[in-house]
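Participant: give the three-dimensional model of this entry:
(chains A and B)
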Protein chains: 2
Amino acid sequence: MNFSHKYWMKKAIEQAKLGQTPYGAVIVKSESEYITAFNTTKTDGPQAHAEMNAIQKLAQLKPYISKDLKLYTTFEPCPMCMSALVWAGIGQLIYGASIEDAAKHGHQIHITSQDIAGKAWYDIEISKNIARQDCLKLFEL
Amino acid sequence: MNFSHKYWMKKAIEQAKLGQTPYGAVIVKSESEYITAFNTTKTDGPQAHAEMNAIQKLAQLKPYISKDLKLYTTFEPCPMCMSALVWAGIGQLIYGASIEDAAKHGHQIHITSQDIAGKAWYDIEISKNIARQDCLKLFEL
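Facilitator: This next block holds a predicted model:
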C-alpha cells in the first residue's frame, strides 16, 4: 500500500516543491533504493530538467537492471527527458499531468512520451494521470 | 574561409577523436568564443552525449543571444540532444552524418532533428552532410 504509484508520486511532488518549480522526479529501484531530483534550469542551464537531473545520478543505484527501474515525474517528460529515459533503458514511466497541461503555462515541444517510446527498441510501460490534480496545483506555488 | 562550416566540423571531429567515440560537438558564438565537448556516456551515464555535454557548458559563453549560436555535431542529434538544443534556444544546427547512418552501428531513436525542430516555437536552420564521409570514418577508430 505504502509503495503504490501514489506513494512515489507524492515524493516527486515533494521534490518539485523543494525546488520551487512544478517539476520533480524519482527513479525507483526498490522500496529503499531510489533517486530524487527537481528542475534546476535556473541555475544549471536549459537541460537541467528534473528527469535529466535524476537520470544523471543513475550510477547511485548500481548495480541495477535498467528495465526494472521506474521513473516517476510530476509532468509528462518532454522529448529530451523521455529520450534520456530510453537511452537509460528504464522500463516504466509514471507521470502526473501531461505535456498539454504544462503547455498552458509556457512553451513545450509537442511530442508525447508515447511517441518517443514507440521509437525505442524495447517495451516501455507508461502510466499517466497519477495524482494529476496535485501535480497541476504545482503551478500555483 | 577559415570559419566555414567545414572549419568548425573539423573541430567537432577532433573532439570525437579526443573522446575516442564517433561523437563530437562544438557550440559557436564567435570565431574566438566556442564550447567543445565529446561523448562521455561510458563514464558519466546514458545522458552524456556530446551535444548534451556542450549544452551543459553553455553558461561559459554568457552573455549570448541564443538564436545566434550554432551547434556543430559529427552526427545528427538524437531527440534528447535536439530537444535540448530547442530548450537552449539555439538557432542553427549543422551536422555531418545522419541518425540513419549511426543506426547501422547500434540502437537509435528514429526521430529526425527536423521532426523535433518542426515542433519548436521558433525557427531553427539545419544544415546536413557537412564532412559526412569524415564523420562516418569515426566509426572505424
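
Participant: spatially nearest residue to the residue most central in space within chain A (excluding sequence neighbours)?
Facilitator: Centroid-nearest residue in chain A: A:T73, 2.8 Å away (criterion: C-alpha atoms, centre = their mean). With C-beta to C-beta, 6 or more residues apart in numbering or on different chains as the criterion, A:T73 has its nearest non-adjacent residue at 4.3 Å, and that residue is A:A25. Heads up, the C-betas are built off the backbone N, CA and C, glycines and all.

Participant: for chain A, what spans make up the helices?
Facilitator: Applying DSSP state H to chain A gives helices spanning A:5-19, A:41-44, A:50-55, A:79-88, A:99-103, A:113-117, A:132-137.

Participant: which secondary structure elements does the last one sit against?
Facilitator: Under the contact criterion of 3 or more C-beta pairs under 8 Å, 6 or more residues apart in numbering or on different chains; DSSP states H and E, helix A:132-137 touches helix A:5-19, strand A:92-97, helix A:99-103.

Participant: isn't the residue nearest to A:T73 right up against A:Y34?
Facilitator: No. Using C-beta atoms under 8 Å, A:A25 makes no contact with A:Y34, being 10.4 Å away.

Participant: neighbour count: those two, which is higher?
Facilitator: A:A25 (28 against 18; other C-beta atoms under 10 Å in any protein chain shown).

Participant: residue contacts, that one?
Facilitator: By C-beta atoms under 8 Å, 6 or more residues apart in numbering or on different chains, A:A25 lies in contact with A:12, A:15, A:36-38, A:50-51, A:53-54, A:71-74.

Participant: swap the cut-off to 10 Å and go again
Facilitator: Residues near A:A25 by C-beta atoms under 10 Å, 6 or more residues apart in numbering or on different chains: A:11-12, A:15-16, A:35-39, A:49-55, A:71-75, A:77, A:81, A:95.

Participant: how about A:K67?
Facilitator: Neighbour list for A:K67: A:89-92, A:122-124 [criterion: C-beta under 10 Å, 6+ apart].

Participant: near chain B too, which of those residues?
Facilitator: Contacts with chain B within the contacts of A:K67, as defined by C-beta under 10 Å from any C-beta of the partner chain: A:89-90, A:122.

Participant: any idea how far the nearest residue to A:T41 once chain neighbours are set aside is from A:N39?
Facilitator: Once flanking residues are discounted, A:T41 sits nearest to A:A48: 4.9 Å by C-beta to C-beta, 6+ apart. According to C-beta to C-beta, to the nearest Å, A:A48 and A:N39 sit 7 Å apart.

Participant: specify the beta-bridge partners of the residue nearest to A:T73.
Facilitator: Beta-bridge partners recorded for A:A25 (DSSP bridges): A:A37, A:T73.
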